[in-house]
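Engineer: Compute the structure for the input listed below.
(chains A and B)
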There are 2 protein chains.
Amino acid sequence: MSDTLSLLLGHHSDRSFRDDPVDGAVLDEIVAAAHQAPTSHNAQHVSLVIVQDAETRRHIAAIAGGQPHIARAPVFIAVIIDFAKTGAALTLHGKEQQVHHHLEGLVAGSVDVGIQIATLMIAARASGLGAVPIGGIRNDLAALNTLLALPQGCTAVTGLCIGHVDQPAAVKPRLDLSTYRHDERYSDKDIAPAIVDYDNRLAAHWAAIGRMEGESWSASIAEFYDHDYYPGVAAAFAAQGLFTEKE
Amino acid sequence: MSDTLSLLLGHHSDRSFRDDPVDGAVLDEIVAAAHQAPTSHNAQHVSLVIVQDAETRRHIAAIAGGQPHIARAPVFIAVIIDFAKTGAALTLHGKEQQVHHHLEGLVAGSVDVGIQIATLMIAARASGLGAVPIGGIRNDLAALNTLLALPQGCTAVTGLCIGHVDQPAAVKPRLDLSTYRHDERYSDKDIAPAIVDYDNRLAAHWAAIGRMEGESWSASIAEFYDHDYYPGVAAAFAAQGLFTEKE
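Structural biologist: Okay, here's the model as predicted:
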């Protein structure tokens, strides 16, 4: 098996960062890898804001609802949907951009943010660093967009901490493959037994690594997803001029 | 530099597929890599439908607006936002899922689809195969969701062709790094010169590889983005019970 496949199969999110800096040349290479990643229509409507200033990282840790690893890891990267760049391309041709007002623009942009996050994570891990994606910035996206001085047409979506790791995290089990892989057509069978099985396996995993979490996986998901988890997202997008015309 | 970084820096989207099949064990490993990729809250609200049937691939090529490489590549993978799985977790706890009605659910799901797409592409390329993401399925998403028999709570978002490659594609240049990488704060400078420079560099690239494209990059983007590029997306999501309550 190639080193790359081993790295992917061993994916884990690290949070146990040391505070020593990431070498500038290493960071440049990680950023270059993500810069080359594909985008919808090659529109390149994504940008990065790389935060290394400790005070700004402490502020972002608070915005994300109190995530101490954001303050500790030496590098935080905010991944931005950037329709300001494509808007400038339209302006050059005397046209006005419309796609960013519609769901298609938001979906294409969010998918491209995910491609960036994965590429940055994989490049960081291939460079011997640890990484963890931070969706929690959507807890107060408007505050983050202001902090990063994002212009109209741009919003942060997801972030990433990277740095040297003290205690590498364990590889976490997943729901059974049969709930994830479908061949030819979606198999609409009852997955309740697979969920109960996963609740048990994940509890055994936590016990094995000495972390006693209070709730089962399904109980946690039930607590998160019975409401709009980050209710400020739509207003934060609208404040940036994104997704303002609803279908 | 590690093999993984070289692979990322050499990213290119392949479309010149041979029609010989992908080995089943190789495909299993690519899928296992993506199964281990991170998801928002570890909610695992993503699934894959792997299509190898030639007739179905011809149908999907038509749905995507006529993309012959979908019919030719032996494997097409549809990446699904799957809130049916998390919905089943809530049902086990006597609760009703709400997050999938809101923008947060759509953004979290779309980002996770992007993480899947990148991981599948990178795993395929590490296995000696080529790959190309297919956002074009959103041209007629409702038809694809029906074809793949997706239940309520699920929609396809982006697909991926993988297979052995006849003529590897060249690495395409990108907009200047200064339009993409921002340090500490977003730099809101005029990027029109960088766009003109990129139009010229991309035209030179097409000429160098013997492809004479008619339009510059900025002209293409202006043509795509002056309207809602795939206007059926919102209705297709709503038909699957997704994003039905607008903020």
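
Engineer: okay, CA-based contacts and neighbour counts for the rest of this
Structural biologist: Noted.

Engineer: ok and the lengthiest helix in chain A relative to helix B:103-126, angle-wise?
Structural biologist: The single longest helix within chain A, with elements called by DSSP state H, is helix A:103-126. Going by axes from the mean of the first three to the mean of the last three CA atoms, to 10 degrees, helix A:103-126 is angled at 50 degrees with respect to helix B:103-126.

Engineer: Which other helices and strands does the following helix or strand past helix A:103-126 contact?
Structural biologist: On the C-terminal side of helix A:103-126, the closest following helix or strand by DSSP states H and E is strand A:130-134. Contact here means 3 or more CA pairs under 8 Å, 6 or more residues apart in numbering or on different chains; DSSP states H and E; on that basis strand A:130-134 packs against helix A:103-126, strand A:154-163.

Engineer: Which of these sits closest to A:Gln67?
Structural biologist: Closest to A:Gln67 of the helices and strands packed on strand A:130-134, according to CA to CA: strand A:154-163, at 10.7 Å.

Engineer: Tell me how far that closest one lies from the chain's centre.
Structural biologist: Relative to its chain's centre, strand A:154-163 lies at 6 Å (CA atoms, centre = their mean, to the nearest Å).

Engineer: name the element A:Asp197 belongs to?
Structural biologist: helix A:192-208.

Engineer: same thing with A:Ala62?
Structural biologist: helix A:54-63.

Engineer: Using PDB, list the CA coordinates for the helix or strand just after that helix.
Structural biologist: As assigned by DSSP H and E, the chain's next helix or strand after helix A:54-63 is helix A:68-72. C-alpha atoms of helix A:68-72 as PDB (Å, rounded to 0.1, in the frame of the first residue of the first chain):
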ATOM      1  CA  PRO A  68      -8.600  25.900  23.500                       C
ATOM      2  CA  HIS A  69      -6.700  24.100  20.700                       C
ATOM      3  CA  ILE A  70      -7.300  27.000  18.400                       C
ATOM      4  CA  ALA A  71      -5.400  29.300  20.800                       C
ATOM      5  CA  ARG A  72      -2.700  26.700  21.300                       C
END
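
Engineer: other SSEs contacting the next helix or strand after helix A:68-72?
Structural biologist: Moving toward the C-terminus from helix A:68-72, the next helix or strand (DSSP H and E) is strand A:75-82. Contacts defined by 3+ CA pairs under 8 Å, 6+ apart place strand A:75-82 against strand A:46-51, helix A:103-126, strand A:154-163.

Engineer: Indicate which one of the helices and strands packed on strand A:130-134 is closest to A:Leu8.
Structural biologist: Nearest to A:Leu8, of all the helices and strands packed on strand A:130-134, is helix A:103-126, at 7.6 Å by CA to CA.

Engineer: Which residue is the nearest non-sequential neighbour of A:Val111?
Structural biologist: Closest residue to A:Val111 apart from its sequence neighbours, by CA to CA, 6 or more residues apart in numbering or on different chains: B:Gly114 at 4.2 Å.

Engineer: mind listing what that neighbour touches?
Structural biologist: Counting by CA atoms under 8 Å, 6 or more residues apart in numbering or on different chains, B:Gly114 touches A:Ser110, A:Val111, A:Asp112, A:Val113, A:Gly114, A:Ile115, A:Gln116, A:Ala118.

Engineer: sorry, back to before: the helix holding A:Asp197 near chain B at all?
Structural biologist: Yes - contact of helix A:192-208 with chain B (CA under 8 Å from any CA of the partner chain) involves A:Ala192, A:Ile195.

Engineer: now stretch A:230-237
Structural biologist: Yes - applying CA under 8 Å from any CA, one finds stretch A:230-237 touching chain B at A:Tyr230, A:Pro231, A:Val233, A:Ala234.

Engineer: I'd like the helices and strands packed on strand A:130-134 laid out as TSV, including distance to B:Thr146 and mean pLDDT.
Structural biologist: Below are these laid out as TSV (distance: least, CA to CA, whole Å; pLDDT from 0 to 100):
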stretch	distance to B:Thr146	mean pLDDT
helix A:103-126	19	97
strand A:154-163	30	98
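
Engineer: Compare these and report which one is nearest to B:Gln240.
Structural biologist: Of all the helices and strands packed on strand A:130-134, it is helix A:103-126 that lies closest to B:Gln240, at 14.9 Å by CA to CA.

Engineer: Hmm, A:Tyr180 is touching B:His35, no?
Structural biologist: Yes - taking CA atoms under 8 Å as the definition, A:Tyr180 is a contact partner of B:His35 at 7.4 Å.

Engineer: Show me the shaky parts of chain A.
Structural biologist: Applying pLDDT under 70 to chain A flags the ranges A:213-214, A:245-247.

Engineer: one step back: now find how far off-centre the longest helix of chain A is within its chain.
Structural biologist: That offset, for helix A:103-126, works out to 7 Å (CA atoms, centre = their mean).

Engineer: Please apply the same query to stretch A:77-95.
Structural biologist: Using CA atoms, centre = their mean, the offset of stretch A:77-95 from its chain centre is 21 Å.

Engineer: Just the endpoints, please. Distance across it?
Structural biologist: Start and end residues of stretch A:77-95 are separated by 32 Å (CA to CA, to the nearest Å).

Engineer: Sort out which residues of it are buried, please.
Structural biologist: Using 16 or more other CA atoms under 10 Å in any protein chain shown as the test for burial, stretch A:77-95 gives A:77-90, A:92, A:95.

Engineer: now stretch A:229-247
Structural biologist: Neighbour counts using 16+ other CA under 10 Å place A:229-244 of stretch A:229-247 among the buried residues.

Engineer: closest to B:Val46 out of the helices and strands packed on strand A:130-134?
Structural biologist: helix A:103-126 (12.5 Å).

Engineer: Check chain A for me, the residue farthest from its geometric middle.
Structural biologist: A:Gly94 (34.5 Å; CA atoms, centre = their mean).

Engineer: distance of that one from A:Arg72?
Structural biologist: For A:Gly94 relative to A:Arg72 (CA to CA), the value is 46 Å.
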